[in-house]
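Novice: 3D, please:
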Amino acid sequence: MSQSPVSLGTFPTPVEPAPRLAAALGLGPGDLWIKRDDLTGLGGGGNKIRKLEWVVGAALAEGADTLVTTGAPQSNHARLTAAAAARLGLSAVLVLRGTPGASRSGNLALDGLFGARLVWAGEVDRAGLDAAAAEVCARLRAGGARPALIPFGGSGVLGARGYLRCGEELDAQLPELRTVVVALGSGGTMAGLVAALGTGAVLGVDVGALADPAAAVAEFAAPLTAEKVTAEALRVRRDQVGAGYATLTGPASEALRLAARTEGLVLDPVYTARALAGLHAAVRDGDIRPGEKTVFVHTGGLPGLFGHPDTVTFAEEGAGALED
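Specialist: Residues are numbered from 1 along each chain as shown. Sure, this is the predicted structure:
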C-alpha cells in the first residue's frame, strides 16, 4: 500500500489560547490551548482529513475510482470521504447504519451536496455494517467500477500517520505541552498522537464508538513508534459515554454551553463535547493540574450538531429573551 499522502487539507492548523475556558475548568489562564483541527479546510473541516490524506492516497495509487466507507447517519468521516471524492473527481458511496427518513439535516445534507450515494444497512452491528460495505464493493466491481473500501473512521496504521504529523506540529507549536486531550472514537487520531508524543502525553476520552477503543489505539500506534504501546499503558477515560454514542449526555451538554459562552467555540455533541467534559473531569480528579500546558484537540464535527435533535433543542432553549 502506498505511503504517499494526497493533499486535502490546510496545515498546520493554529493553536489558540483559551484563558476564559481555562478559568471555568479550574486551570490557570495560560494553561489551556485549542488545536484547531476543525479548521482543516475541506468539506467543513475536521480531523478525518488528516487520515484521509493517507488512505485516499493509497486508494488512488491502486487505481480506485470510487470511495466506499461506513458510518453512523451523522458520520463526520462519511461526510469528509464524500468531500474528498468530490475534490479528486471520484465517486463516493456511503454505507450507513439505520434507515432513511429520520433526518436529512446536518452531515446528511452535506453528503448529498457532495454527490455521495447512500446505502442504508439497517439496524446492524459493526460486523453487519462491514458485511454490507463488502457487498456494495462487490456490486460495484461487477458493474465495472474500481472501489476502494476506506476503513471505519479512516482509522488504521496508515490513517494514523496523519495524526503522527499533527503531533509533530504540536511539538513545534507548544514544545512545553504536558497533556493533549482528544476524543477517542475509532482510534486512529489518538494513535497518531501517541506515536508522536508518547503514551503519557495523550488523554483520550472514549465516546462509545468501539467496545475496546484502547486496544485499537495500541494496534494502530505500535508500528509507528519505537515506544512499546499497550492498551494498559494508555491514558483513556471511559466515564463520558453515558447511554451511548448517539446520545447527548448531561456533562456534554454543559461542555457545549461552556465552550460557546467562554470562547465562542462551537463543539459537537458526540466527540468534542464529550472530550471537553472528560478534560473537566480530569481537572477535578487531579489527572490534569493547573500550571501545566494542556492542549484540547478540536476535531470538528459542527455539521453533525444540526442533525442531532436533542442538541438543537438544548441550544435553542439556552437563548434567553430580553426583558422589557
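
Novice: quick check: residue 253 vs residue 305, distance?
Specialist: From residue 253 across to residue 305, the span is 12 Å (C-beta to C-beta, to the nearest Å). In short, each C-beta sits where N, CA and C put it, glycine included.

Novice: name the residues contacting each of these two.
Specialist: Taking C-beta atoms under 8 Å, 6 or more residues apart in numbering as the contact rule, residue 253 and residue 305 both touch 269, 311.

Novice: which one's more surrounded, these two?
Specialist: residue 305 (22 against 18; other C-beta atoms under 10 Å).

Novice: give the contact list for the more buried one.
Specialist: Residues in contact with residue 305 (C-beta under 8 Å, 6+ apart) are 106, 266-269, 311-312, 315.

Novice: likewise for residue 311?
Specialist: By C-beta under 8 Å, 6+ apart, the contact set of residue 311 is 248, 253, 256, 269, 305.

Novice: quick check: mean pLDDT of stretch 263-275?
Specialist: Per-residue pLDDT over stretch 263-275 has a mean of 97.

Novice: who touches that stretch?
Specialist: The set of residues external to stretch 263-275 that reach it, using C-beta under 8 Å, 6+ apart, is 18, 20-21, 34, 74, 76, 181-183, 185, 205-207, 240-241, 245-246, 248-249, 251-253, 255-256, 259-260, 276, 296-302, 304-305, 308, 310-311.

Novice: how many neighbours does residue 76 have?
Specialist: Using other C-beta under 10 Å, residue 76 is surrounded by 31 other residues.

Novice: how far away is it from residue 31?
Specialist: Going from residue 76 to residue 31 by C-beta to C-beta gives 28 Å.

Novice: shaky segments in the stretch 1-150 of the chain?
Specialist: Along the stretch 1-150 of the chain, segments meeting pLDDT under 70 span 1-3, 102.

Novice: just to revisit the earlier point, narrow the contacts of stretch 263-275 to those in strands?
Specialist: Mapping the contacts of stretch 263-275 onto strands (DSSP state E) picks out 34, 181-183, 205-206, 296-298.

Novice: and of those, the nearest to residue 236?
Specialist: For the ones in strands among the contacts of stretch 263-275, the minimum distance to residue 236 (C-beta to C-beta) is 6.1 Å, reached by residue 206.

Novice: show me what contacts the closest one?
Specialist: Applying C-beta under 8 Å, 6+ apart, one finds that residue 206 lies in contact with 184, 213, 236-238, 240-241, 274.

Novice: report how many residues lie close to the closest residue to residue 306 other than its chain neighbours.
Specialist: Leaving aside its sequence neighbours, residue 306 sits nearest to residue 106 (C-beta to C-beta, 6 or more residues apart in numbering; 4.5 Å). Close neighbours of residue 106, defined as other C-beta under 10 Å, add up to 24.

Novice: let me see the contact set for residue 106.
Specialist: Counting by C-beta under 8 Å, 6+ apart, residue 106 has contacts 74, 303-308.

Novice: okay, the residues you listed in a markdown table with distance to residue 114 next?
Specialist: Formatted as a markdown table, the contacts of residue 106 follow (distance: C-beta to C-beta, whole Å):
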| residue | distance to residue 114 |
| --- | --- |
| 74 | 15 |
| 303 | 11 |
| 304 | 15 |
| 305 | 18 |
| 306 | 16 |
| 307 | 15 |
| 308 | 20 |
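
Novice: from these, pick the one nearest residue 149.
Specialist: Nearest member of these to residue 149, counting by C-beta to C-beta, is residue 74, at 20.8 Å.

Novice: residue 251 contacts residue 284, doesn't it?
Specialist: No - Residue 251 lies out of contact with residue 284 (C-beta atoms under 8 Å); the separation is 10.9 Å.

Novice: please say which of those two ends up with more neighbours.
Specialist: residue 251 (17 against 11).

Novice: how near is that one to residue 205?
Specialist: Using C-beta to C-beta, residue 251 is found at 10 Å from residue 205.

Novice: what do those two both touch?
Specialist: The contact sets of residue 251 and residue 205 overlap at 240, 274, 277 (C-beta under 8 Å, 6+ apart).

Novice: does the second one count as helix, strand or coil?
Specialist: Applying DSSP: H, G, I helix; E, B strand; the rest coil to residue 274 yields a three-state assignment of helix.

Novice: what's the closest non-adjacent residue to it?
Specialist: Using C-beta to C-beta, 6+ apart and skipping residues adjacent in sequence, the residue nearest residue 274 is residue 240, 4.4 Å away.

Novice: which of the contacts of residue 311 fall within helices?
Specialist: Those of those mapping onto helices are 253, 256, 305, per DSSP state H.

Novice: and which of those residues is nearest to residue 119?
Specialist: residue 305 (24.6 Å).
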